[in-house]
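Asks: Here is my input; please provide its structure:
(one chain, ligands or ions: 1)
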Amino acid sequence: MLNGRTGFDALSFTTLILAIVSAVLASVIENQLYAMIPAVIAVAFIAYTIFRVLSTNVGKRRYEAEKFSSLFKKDPYKRFKCPKCKTLCRVPRHKGKIKIHCPSCGHEFVKRT
Ligand SMILES: [Zn+2]
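Replies: Here you go, the predicted structure:
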């Protein structure tokens, strides 16, 4: 059915939920003029969801979905500035107190990660 198409992913699901929330908001607002704003937003989200699900540019849609999900992931690394040369040193988190060896100048310093 969805031959060569992106199909439903986490980002499409989120935009669909946002469309539903906007549509509900539009139906709750009594002033018709102000209700137009969430109604237009709901239509835009629905259009974007349909566009994403039916898109044949799978690579680009997958890249967007990855970017979107990376917003909610915590960086597994902590960065420290070398006190000697100011180079940023990247070390893994949750390793306790470790000795960091600067890859640029060779200086060693101790930090808690
Ligand atoms: Zn250094």
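Asks: okay, CA-based contacts and neighbour counts for the rest of this
Replies: Fine.
Asks: Next, the contact list for the nearest residue to residue 54 once chain neighbours are set aside, please.
Replies: Take residue 54 and drop its neighbours on the chain: the residue closest to it by C-alpha to C-alpha, 6 or more residues apart in numbering is residue 5, 5.4 Å away. The contact partners of residue 5, taken as C-alpha atoms under 8 Å, 6 or more residues apart in numbering, are 53, 54, 55, 56, 57, 58.
Asks: Let me know the closest of the residues you listed to residue 19.
Replies: Checking the contacts of residue 5 against residue 19 by C-alpha to C-alpha gives residue 53 as the nearest, at 14.5 Å.
Asks: In a strand, that closest one, correct?
Replies: No: counting by DSSP: H, G, I helix; E, B strand; the rest coil, residue 53 is not found in a strand; it is helix.
Asks: returning to that earlier point: confirm the residue nearest to residue 54 sits in a strand?
Replies: No: going by three-state DSSP, the assignment for residue 5 is coil, not a strand.
Asks: near the ion, which residues of this structure show up?
Replies: Contacts of the chain with the ion, taken as C-alpha under 5 Å from the ion, map to 82, 85, 102, 105.
Asks: low pLDDT regions in this structure?
Replies: For the chain, applying pLDDT under 70 flags the ranges 1-2.
Asks: Show me where this structure has its helices.
Replies: 10-28, 32-54, 58-70 (DSSP state H).
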